[in-house]
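Novice: this one's structure only:
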């Protein structure tokens, strides 16, 4: 069984729209994955294109997912599926 670590208080990942509006918050990889599934597409594209996910994923011990996302080609048509696959890696 994989241990799910919570990040330190105040270090949660804040999912934002490009205009800065917060649309979700995750304290561990389970919450992160659940939010990715329903996250508005503009937010997913914003964070993926900005490469915002990798440092946070490394902080919570998800180094494989962080590396996969860092090197993932960005395709808007398949972005959600690609990110979810990288998180399962």
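Specialist: Structure received. Every value quoted in this text rests on a predicted model; they were computed, and no experiment measured them. Numbers count the residues shown, from 1 in each chain.

Novice: alpha carbons only for contacts and neighbour counts from here, please
Specialist: Fine.

Novice: and the helices in this structure?
Specialist: For the chain, applying DSSP state H gives helices covering 29-38, 41-49, 53-59, 63-71, 79-88.

Novice: of all the ones you listed, which one comes closest to residue 18?
Specialist: helix 41-49 (6.0 Å; C-alpha to C-alpha).

Novice: could I get the average pLDDT for that closest one?
Specialist: Regarding helix 41-49, the rounded mean pLDDT is 95.

Novice: thinking again about what came up before, now the helices of the chain in JSON lines, with mean neighbour count and distance to residue 10?
Specialist: Formatted as JSON lines, the helices of the chain follow (neighbours: other C-alpha atoms under 10 Å; distance: least, C-alpha to C-alpha, whole Å):
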{"stretch": "helix 29-38", "mean neighbour count": "16", "distance to residue 10": "15"}
{"stretch": "helix 41-49", "mean neighbour count": "18", "distance to residue 10": "19"}
{"stretch": "helix 53-59", "mean neighbour count": "18", "distance to residue 10": "12"}
{"stretch": "helix 63-71", "mean neighbour count": "18", "distance to residue 10": "20"}
{"stretch": "helix 79-88", "mean neighbour count": "16", "distance to residue 10": "22"}
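
Novice: for residue 6, find the nearest of the ones you listed.
Specialist: helix 29-38 (8.0 Å).

Novice: check which helices and strands the closest one sits against.
Specialist: Packing partners of helix 29-38 (3 or more C-alpha pairs under 8 Å, 6 or more residues apart in numbering; DSSP states H and E): strand 22-26, helix 79-88.
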